[in-house]
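Engineer: Here you go, sequence then predicted model.
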Amino acid sequence: MNVTRARSDTTFTVGIVFPMSGSFGLVGPSSELSAQLAQEELNATGGVLGRRVELVPIDGGRDPAVVAGEIRRLVDVGALDAVAGMHTSAVRRALIPITANRIPYVYTSLYEGGDRYPGLFVTGETPSAQLIPALDVMVDDLGRRRWAVVGNDYVWPRKTAAIVTEYLHSIGVSVVFGDFSPIGTVDYAQTVSGIERSGCDGVVVLLLGDDAVAFHQAFASAGLDRRCVRLSPLMDENMLLATGSENARELYVSSGYFETLGTSESLDFSGRFSSRFGVDAPIVGSLGQSCYEGITMLGELVDRAGSAEVTALESIAQNFSYDGARGHLKMTNGHVSQPIYLAKAGEFDFDVLVEITPRRVS
């Protein structure tokens with residue numbers, strides 16, 4: 001049942017959903033500040049549709065049903081013009097039935113791919129562009145041919161693992177171990193033992209926040225970092241600092257953004273962020289920075305359409321592009337395409353090695 005929304009003539013209100021609690025909460029501060037910077041930049045240039053942008057922070061680290069209940073109440077009373085944010089795929093799946101065909105929803109996190117609903121716009125990376133090219137480098141250049149996959153037990157890791165496994169098998173590479181743990185797991189001794197027994201020489205890590213930190217520490221403590229490379233699509237500078245450089249040997253990350261990325265757009269963004277929030281602000285890695293991309297893209301899309309109505313946004317989404325901290329990006333079928341880079345963990349940040357593209361037809 002459609003609900004008539006109470007629109008404001010002076011404000012454009014966005015529910016910004018990011019993890020403030022739980023295993024993923026350590027990336028919350030950078031997410032919030034990145035979204036705030038995008039908000040302030042939009043307001044400095046006239047807002048959205050001539051209305052001042054306001055953000056309503058919502059904790060996306062809670063149970064998906066709880067997050068969805070809060071969003072539903074806000075949407076039903078007309079308190080939100082749009083929803084955006086970086087959170088798990090489980091939360092995204094809970095929000096889509098609420099936002100579809102009603103208000104725009106910009107999902108900024110990397111995810112498993114495939115979702116397409118009226119009003120859903122995705123700015124994050126997907127496995128075909130992010131993990132598959134990185135695996136090509138690991139297999140072809142580093143000679144890693146026996147892989148394990150570890151992740152949290154929910155939709156993103158499970159589906160991504162299936163994509164990774166199918167691809168590796170298709171190129172004659174083995175997947176010899178898999179393990180999925182509930183969000184909030186702190187003891188990875190059994191997982192690490194399984195990896196050790198498997199004889200693998202590479203591990204794809206699909207773990208969130210604090211869970212990833214605990215795994216990497218257990219992995220290195222067992223000495224497996226001297227035998228295996230690790231590859232993760234979800235590892236930012238805040239997670240690296242929590243892990244400790246001594247536990248990050250041969251840890252590789254593929255992503256659309258790194259704080260050390262040397263493009264003009266990235267350097268310009270870093271300078272603006274530092275000027276606004278100071279040198280003691282949280283490091284803006286790919287996860288938090290994605291919230292800047294999402295709010296920036298949302299503002300551009302709505303202004304270009306001249307309306308926040310879903311039908312108007314969908315009508316222009318196929319020929320839409322915008323400029324953000326990740327460069328000049330284009331949208332196709334509701335998904336933003338972007339350059340992807342492979343980096344290696346250093347002492348405090350990541351050494352960006354190369355921009356990567358698929359080497360084979362997957």
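Structural biologist: Happy to help now that I have it.

Engineer: Tabulate the CA atom coordinates of stretch 242-251 in PDB.
Structural biologist: Presented in PDB, the C-alpha positions along stretch 242-251 are these (Å, rounded to 0.1, in the frame of the first residue of the first chain):
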ATOM      1  CA  ALA A 242      43.400  -3.200  14.400                       C
ATOM      2  CA  THR A 243      45.000  -6.400  12.900                       C
ATOM      3  CA  GLY A 244      48.500  -5.200  13.400                       C
ATOM      4  CA  SER A 245      51.200  -5.100  10.700                       C
ATOM      5  CA  GLU A 246      52.900  -8.200  12.200                       C
ATOM      6  CA  ASN A 247      49.700 -10.200  11.400                       C
ATOM      7  CA  ALA A 248      49.400  -8.900   7.800                       C
ATOM      8  CA  ARG A 249      52.200 -10.600   6.000                       C
ATOM      9  CA  GLU A 250      51.300 -11.500   2.400                       C
ATOM     10  CA  LEU A 251      47.800 -10.000   2.800                       C
END
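
Engineer: for that stretch, which positions count as buried?
Structural biologist: Residues of stretch 242-251 classed as buried by neighbour count (16 or more other C-beta atoms under 10 Å): A242, T243, N247, A248, R249, E250, L251. The way it works is simple: take the backbone N, C-alpha and C, and place the C-beta from them, glycine included.

Engineer: now do stretch 325-333
Structural biologist: The neighbour-count check on stretch 325-333 (16+ other C-beta under 10 Å) flags A325, R326, L329, M331 as buried.

Engineer: out of those residues, who's nearest L95?
Structural biologist: M331 (19.7 Å; C-beta to C-beta).

Engineer: Check for me that that closest one belongs to a strand.
Structural biologist: Yes - membership of M331 in a strand is supported by DSSP: H, G, I helix; E, B strand; the rest coil.

Engineer: which ones are touching it?
Structural biologist: F121, M297, A317, Q318, F320, S321, S337 (C-beta atoms under 8 Å, 6 or more residues apart in numbering).

Engineer: Which of the residues you listed fall within strands?
Structural biologist: The strands, defined by DSSP state E, take in F121, F320, S321, S337 from the contacts of M331.

Engineer: which of the residues you listed count as buried?
Structural biologist: F121, F320.

Engineer: possible to save the ones in strands among the contacts of M331 as CSV with pLDDT?
Structural biologist: Shown next, in CSV, are these (pLDDT from 0 to 100):
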residue, pLDDT
F121, 97
F320, 93
S321, 95
S337, 94
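
Engineer: Throw the ones in strands among the contacts of M331 into TSV and include distance to G288, thanks.
Structural biologist: Shown next, in TSV, are these (distance: C-beta to C-beta, whole Å):
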residue	distance to G288
F121	19
F320	24
S321	23
S337	21
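
Engineer: ok, back up a step: among the buried residues of stretch 242-251, which ones are in strands?
Structural biologist: Using DSSP E, the buried residues of stretch 242-251 in strands are L251.

Engineer: And the buried residues of stretch 242-251, which two are furthest apart?
Structural biologist: Farthest pair in these, by C-beta to C-beta: A242 and E250, 18.3 Å.

Engineer: so what's A35 up against?
Structural biologist: I16, F18, L55, A84, G85, C291, Y292, G294, I295.

Engineer: Name the nearest of these relative to L261.
Structural biologist: Of all those, Y292 has the smallest distance to L261: 13.5 Å, by C-beta to C-beta.

Engineer: How about the closest one, nearest residue that isn't a chain neighbour?
Structural biologist: In space, and not counting its chain neighbours, Y292 is closest to S34: 4.0 Å by C-beta to C-beta, 6 or more residues apart in numbering.

Engineer: Give me the residues contacting the helix or strand containing I96.
Structural biologist: Element membership for I96 (DSSP states H and E) is helix 89-99. Helix 89-99 is contacted from outside by 17, 60, 64-65, 67-68, 71-72, 75, 83, 105, 107, 109, 111-112, 115, 117, 119-120, 154-156, using C-beta under 8 Å, 6+ apart.

Engineer: buried subset of the residues you listed?
Structural biologist: By 16+ other C-beta under 10 Å, the contacts of helix 89-99 give 17, 60, 64, 67-68, 71-72, 75, 83, 105, 107, 109, 111-112, 115, 119-120, 154, 156 as buried.

Engineer: Which members of those residues are positioned in strands?
Structural biologist: Filtering those for strands - DSSP E - leaves V17, V83, Y105, Y107, L120.

Engineer: Thank you, goodbye.
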